[in-house]
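Asks: No sequence on hand, only this structure:
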Ligand code: XMP
């Protein structure tokens, strides 16, 4: 289903490609709104005037397995410009009388394409070069050109690498212009949306800010709204947006689970209560959480206990505010997209994620989800537009269950304190050395193992600290960050020398998959 019926958009019909979200992000980076819909959920009647162009994504399917993918063919006869990418290029070709068959040479990775004729789609794409390096990922290919189509570019193995029917505004590319490995890939997308679809720019953080503030005001009216503030990026942006929209009608509840990073509660109070003057209800539930978690070491049990207790406490305090009608939540666009990527793991199945999802029904609240159209990078831009500090906006993600899942085994106050200090040293060193913003997420963990060490002339028998730092696009996959030996050694020395309780430090070099980012 199309979520926003009014705003002009480029509609991306998803056939399960791992790059579909990237296509949407590229378009939005160019200042144009785009939405993703599953090929199973869209029919030609839903293509209204707000759809100025359609992109058919890639996918793992085969155009001849017609039963496996449902697609309303009438969509291509709506008179809307279409760009097919990889599998989308093959469907578009087949629907127009072309043929697709298994390639003799599968193409995965880099390939050179050369120009056969001029086209609006490739304006400034080749620049002065004969060849452009593009990224291919396909086993099938178009083997017979569809009727009334021309070849715009070819590669050694794909004669029909770019094709067009310029009278109907149909374009097909065998490669992936949305990935950064394709040289000038963004130019193809830019040409399609501006020169072919002729859509106007309508998407910026500034526009969003005004529109979202108005939407919240219209939706909420004079009613009160509550919001669970964690200090993370999403809930901070939601809170500040609502603060701008409805001021004192917003009540933020901040539950300190005792499992937060060092000084986090102080920062949240300073920013939201003192600086931004919000109605902030601070709940120190540290003791309650530690009591409930006593002797619990099973990861899923920990997560469930923390999630349930959080909701219970939140509800307890929320009830004290009379006549609340709405709950504000930081749901993001990737949470709403119906067809998830095929290769991206569904993390919520592997671990039970901590959220306040059960609350609205239980408390009979309506939801306000102002970020539900935005990707994470857009939320960050919006946050800056709302005058939140860079320190909040550029913060690494932090899981709801907090330090509990960075401490395999049982949880004690002593261990939490040791871990807070180690994490603080690590993160501060990253910031002091200009590395924090190059890393997607970093943290220290405390392993439930003691090992023998020697300090001065004394034997020590203390905990093992694990450091994790990863690069990632969206947290679905991740690689470890390659620190210089001298840097990681410096951190290890600092931690072991200044924290009683840790005498050994290890660095986690596994990627995701097979590991996950958090330990539990
Ligand atoms: P994993 O460990 O599943 O983590 O590879 C992927 C990303 O999700 C974060 N994470 C959570 N975030 N509630 C959250 O809000 C949770 O329960 C939760 N568990 C993991 C994790 O920090 C990483 O960024």
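Replies: On my side now, so go ahead. Nothing here was measured: the structure is a model prediction, and the numbers come from that model.

Asks: I'd like the domain boundaries of this structure, if you could list them.
Replies: Using automatic domain parsing, the domain ranges for the chain come out as 9-196, 205-393, 413-507.

Asks: Need the winner for burial among those domains.
Replies: The highest average neighbour count among the domains of the chain, using mean count of other Cβ atoms under 10 Å, belongs to domain 9-196 at a mean of 19. (C-beta placed from N, C-alpha, C; glycine too.)

Asks: Compute the first-to-last residue distance for it.
Replies: With Cα to Cα, to the nearest Å applied, domain 9-196 spans 13 Å between its terminal residues.

Asks: quick revisit: I'd like to know which of the domains of the chain is closest to residue 399.
Replies: Put simply, out of the domains of the chain the one that sits nearest residue 399 is domain 205-393, at 6.8 Å, with distance taken as Cβ to Cβ.

Asks: now the closest one: mean pLDDT?
Replies: Per-residue pLDDT over domain 205-393 has a mean of 91.

Asks: gap between it and the chain center?
Replies: Going by Cα atoms, centre = their mean, to the nearest Å, the spacing between the C-alpha centre of domain 205-393 and its chain's C-alpha centre is 16 Å.

Asks: ok, now stretch 193-209?
Replies: When distances are taken as Cα atoms, centre = their mean, stretch 193-209 is centred 21 Å away from the chain's centroid.

Asks: Quick one: end-to-end length of that stretch, please.
Replies: The separation between the terminal residues of stretch 193-209, taken as Cα to Cα, is 24 Å.

Asks: same check, this time on stretch 252-262
Replies: Using Cα to Cα, one end of stretch 252-262 lies 21 Å from the other.

Asks: Same question for stretch 153-173.
Replies: Using Cα to Cα, the gap from the first to the last residue of stretch 153-173 comes to 9 Å.

Asks: Stretch 405-413 too?
Replies: End-to-end distance of stretch 405-413: 14 Å, with Cα to Cα as the criterion.

Asks: Pull out the buried positions in that stretch.
Replies: Buried residues in stretch 405-413, counting neighbours by 16 or more other Cβ atoms under 10 Å, are found at 405-408, 411.

Asks: Could you look up the SS state of residue 451?
Replies: At residue 451 the chain is in strand, as set by DSSP: H, G, I helix; E, B strand; the rest coil.

Asks: That one pairs with what?
Replies: In this entry, residue 451 is beta-bridged to residue 462, by DSSP bridges.

Asks: Quick check, it in contact with residue 464.
Replies: Yes: contact status for residue 451 versus residue 464: in contact at 5.8 Å, counting by Cβ atoms under 8 Å.

Asks: Pop out the phi and psi values for the residue of the chain most remote from its centre.
Replies: Taking Cα atoms, centre = their mean as the measure, the residue most remote from the mean C-alpha position of the chain is residue 457, 49.9 Å away. In this entry, residue 457 is assigned phi and psi values of phi -100, psi 10 (degrees, to the nearest 10).

Asks: Let me see the ranges of the strands in the stretch 201-350 of the chain.
Replies: Listed in chain order, the strands of the stretch 201-350 of the chain (DSSP state E, counting those that start in this stretch) span 224-228, 250-256, 279-284, 324-328.

Asks: which bits of this protein sit near the ligand?
Replies: Taking Cβ under 6 Å from any ligand atom as the contact definition, the chain meets the ligand at 347, 351, 353-354, 397, 399-401, 441, 475, 512, 516-518.

Asks: Can you tell me which of those comes closest to residue 20?
Replies: Closest approach between those and residue 20, by Cβ to Cβ: residue 475, at 16.5 Å.

Asks: Spit out the contact partners of the closest one.
Replies: Going by Cβ atoms under 8 Å, 6 or more residues apart in numbering, residue 475 touches 347, 397, 440-441, 517.

Asks: Identify the farthest-apart pair in those.
Replies: By the measure Cβ to Cβ, 347 and 440 form the most distant pair in the contacts of residue 475, at 14.6 Å.

Asks: mind checking which of the strands of the stretch 201-350 of the chain is nearest residue 392?
Replies: It is, among the strands of the stretch 201-350 of the chain and with distance given as Cβ to Cβ, strand 250-256, at 13.5 Å.

Asks: The closest one packs against which elements?
Replies: Here strand 250-256 is seen to pack against strand 224-228, helix 233-246, helix 264-268, strand 279-284, helix 299-318 when contacts are counted using 3 or more Cβ pairs under 8 Å, 6 or more residues apart in numbering; DSSP states H and E.

Asks: Now do the same contact list for the nearest residue to residue 369 once chain neighbours are set aside.
Replies: Computed as Cβ to Cβ, 6 or more residues apart in numbering, the closest residue to residue 369 that is not its neighbour in sequence is residue 331, at 4.4 Å. For residue 331, the contact set (Cβ under 8 Å, 6+ apart) comprises 369, 371-372.

Asks: Return the subset of the residues you listed lying in helices.
Replies: In helices, judged by DSSP state H, none of the contacts of residue 331 are found.

Asks: Out of those, the closest to residue 491 would be?
Replies: residue 371 (34.4 Å).

Asks: residues contacting the closest one?
Replies: Applying Cβ under 8 Å, 6+ apart, one finds that residue 371 lies in contact with 234, 237-238, 241, 330-333, 379, 382.

Asks: again, 7 Å this time
Replies: 234, 237-238, 330-332, 379 (Cβ atoms under 7 Å, 6 or more residues apart in numbering).

Asks: Could you do residue 437 as well?
Replies: If a contact means Cβ under 7 Å, 6+ apart, then residue 437 has residue 394 as its contacts.

Asks: Give the helix, strand or coil label for it.
Replies: Per three-state DSSP, the local secondary structure of residue 437 is helix.

Asks: So which of the helices and strands packed on strand 250-256 is nearest residue 167?
Replies: Counting by Cβ to Cβ, residue 167 lies closest to helix 233-246 out of those; the figure is 45.4 Å.

Asks: what pairs with the closest residue to residue 229 other than its chain neighbours across the strands?
Replies: Counting by Cβ to Cβ, 6+ apart, the nearest residue to residue 229 once its immediate chain neighbours are dropped is residue 252, at 4.2 Å. Residue 252 forms beta bridges with residue 227, residue 280, as assigned by DSSP bridges.

Asks: what do you get for residue 447?
Replies: Residues found in beta-bridge contact with residue 447 (criterion: DSSP bridges) are residue 464.

Asks: separation between it and residue 439?
Replies: According to Cβ to Cβ, to the nearest Å, residue 447 and residue 439 sit 21 Å apart.

Asks: before we move on, back to that, got the domains of the chain as CSV, with distance to residue 2 columns?
Replies: What follows is these, written out as CSV (distance: least, Cβ to Cβ, whole Å):
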stretch, distance to residue 2
domain 9-196, 6
domain 205-393, 11
domain 413-507, 23
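
Asks: Which residues outside the longest strand anywhere in the chain are in contact with it?
Replies: Taking residue count as the measure and DSSP state E as the definition, the longest strand of the chain comes out as strand 99-115. Where contact means Cβ under 7 Å, 6+ apart, the residues beyond strand 99-115 that reach it are 63, 90, 93-94, 122, 126, 130-144, 153-155, 157-158, 161, 175, 181.

Asks: Residue 84 belongs to a strand, doesn't it?
Replies: Yes: Residue 84 forms part of a strand when assessed by three-state DSSP.
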